[in-house]
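Enquirer: Here is a sequence with its predicted model. Questions after.
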Amino acid sequence: MKIGLLGQFGSGNSGNDGSLEAMVRFLRQARPEARLLCICSNPAKVRDDFALDVVSIRGKKPSTGRSVRSPGAGFWRVPSRIGSMIAIFQALAGTEVLVIPGTGILDDFQETPFGWPFILFWWCLAARLRGIRIAFVSIGAGPIHNTLSRRFLKAAVQMAEYRSYRDDFSLRYVRDLGVDVSRDLRFPDLAFGLRAPTQDPVVDRRPAHAAIGVGVMHYRGWKRGQADGDAIYRTYINKLSAVIGRLLEDGRRVHLFMGDKADETALDDIFQGLAPRPAGASHAFVSVARTTSLDQVMEELKKVDIAIVSRYHNLLCALKTGRPAFSLGYAQKNDELMATFGRAAFCQHIEDFDVEVLIGQVRTALADLDGARKEIEQHNAAIRRELARQGELLLSGILKERCA
């Protein structure tokens, strides 16, 4: 059995790569004889990291480690489209199932119509024409602001034989696009299936000396090249720096980390912004981790008591490792995940969060860490059961081995 895995993998986003890793582990355990082919942004990196057969989003074998987050507009002109379809047809030869494993593939955050919305449509169309079954597994959906992007993504998802969504919002969003979701399912994000790091014994720290993880993000608004992107970014950096400053004044240690290679800029800007503090003493209580995978994110989260995060999969890792989390999100997906864990009250939007409210909530949460951790673990246990159930459905359905 040959299974294709399509997504924006190898491009520097640890959440996307974590979703791929979770699916690859599942398939290698459940279908060890299957040949896996990854179609992705940076095939050379994915090949090296996951030992997979790979092709680029253009359907070609990799020659360099260059990442292609979105192709140039010229690539999708008519002659190039014809050439790419031929290459894609060849790349899909022998494939039985094309899987889109998790990620927020059905939104247009920082995308143009002829970026991933068109790429997804084009590959699904090629797969459909070849008679390949298509599965969207635990995906995130919405919002999709651009009309053409919405058409591409709706057409792509309608070609699937199997669809499941990581939250209720995503299922409703696809339904509201006009897609029949009566047979669709709702299962947790695939990254919950990753191995969690071994937990060190809990250190009994007084709240005043607690460690706080802060997942930073290079956020410049929803749209690529947004006119007020600089102002949005600077406001976010200034407010998050203020939060960190307040935590340091309370004597708490702060661990900064990231979820995408683009976030390094934000890490540097925040850390440098702490320099004017008296005698630079604050830096003794701040660490910076340039985390490039969800495994590294979870290892960093082992060192903290509470996490303040913006990226979805950083939030997931905090909850997966039992850390009470506070979300400064940029889309509904964070709110949905937090609600699943009974933490809906601890969500704010990244563009207008209130520093005083956040500080107050952190102080309150530190007074009852054990109670919050126990509740989080109960939800994690239920999520593990749900993912196991989806695995059974996949193996008995779209991934069932066909007789020759």
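Expert: Perfect, I can see it now.
Enquirer: Would you map out the domains in the protein?
Expert: The record, using automatic domain parsing to delimit domains, assigns the chain the ranges 2-194+383-396, 207-367.
Enquirer: Out of the ones you listed, which gets nearest to I376?
Expert: domain 207-367 (5.2 Å; CB to CB). The C-beta positions use only the backbone N, C-alpha and C, and glycine is treated the same way.
Enquirer: how distant is the closest one from the center of its chain?
Expert: 16 Å (CA atoms, centre = their mean, to the nearest Å).
Enquirer: can you check stretch 143-153 too?
Expert: Distance of stretch 143-153 from its chain centroid, counting by CA atoms, centre = their mean, is 19 Å.
Enquirer: May I see the buried residues of it?
Expert: I144, S149, R150, R151, F152, L153 (16 or more other CB atoms under 10 Å).
Enquirer: any idea how far the closest residue to F192 other than its chain neighbours is from A44?
Expert: Among residues not flanking F192 along the chain, I383 sits closest, at 5.0 Å (CB to CB, 6 or more residues apart in numbering). Distance, I383 to A44, by CB to CB, to the nearest Å: 33 Å.
Enquirer: Same check on G193?
Expert: Using CB to CB, G193 is found at 26 Å from A44.
Enquirer: So which of those two has more stuff around it?
Expert: Neighbours were counted for G193 and for A44 using other CB atoms under 10 Å; G193 has more, 23 against 18.
Enquirer: Tell me if I'm right that that one and A22 touch.
Expert: Yes: look at G193 against A22 with CB atoms under 8 Å: they come within range, at 4.4 Å.
Enquirer: what about the helices in the stretch 1-150 of the chain?
Expert: 14-30, 43-50, 78-91, 116-129, 147-158 (DSSP state H, counting those that start in this stretch).
Enquirer: of all these, which lies closest to R363?
Expert: Taking CB to CB, helix 14-30 is the member of the helices of the stretch 1-150 of the chain nearest to R363, at 29.0 Å.
Enquirer: Pull out the buried residues from the closest one.
Expert: Buried-residue list, helix 14-30, by 16+ other CB under 10 Å: 14-24, 26-27.
Enquirer: Then stretch 182-198?
Expert: D184, L185, F187, P188, D189, L190, A191, F192, G193, L194, P197.
Enquirer: would you list the residues you listed in a markdown table and tack on distance to Y312 and secondary structure?
Expert: Output for the buried residues of stretch 182-198, formatted as a markdown table (distance: CB to CB, whole Å; DSSP: H, G, I helix; E, B strand; the rest coil):
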| residue | distance to Y312 | secondary structure |
| --- | --- | --- |
| D184 | 20 | coil |
| L185 | 20 | strand |
| F187 | 16 | coil |
| P188 | 12 | coil |
| D189 | 8 | coil |
| L190 | 12 | helix |
| A191 | 9 | helix |
| F192 | 12 | helix |
| G193 | 16 | helix |
| L194 | 14 | coil |
| P197 | 19 | coil |
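Enquirer: Tell me the one of those residues nearest D335?
Expert: D189 (14.2 Å).
Enquirer: Nearest residue to that closest one in space, please, no chain neighbours.
Expert: The shortest distance from D189 to any non-neighbouring residue, by CB to CB, 6+ apart, is to R166 (4.3 Å).
Enquirer: just V362 next, same as before
Expert: I306 (6.2 Å).
Enquirer: Show the pLDDT at the one you found.
Expert: Note on I306: pLDDT of 98.
Enquirer: Can you give me the distance of it to P324?
Expert: To P324, I306 is 5 Å away according to CB to CB.
Enquirer: And for C347?
Expert: 13 Å.
Enquirer: Those two: which has the busier surroundings?
Expert: P324 (23 against 20).
Enquirer: shouldn't the more buried one be in contact with A365?
Expert: Yes: using CB under 8 Å as the test, P324 is close enough to A365 to be in contact (5.1 Å).
Enquirer: All good on my end, thank you.
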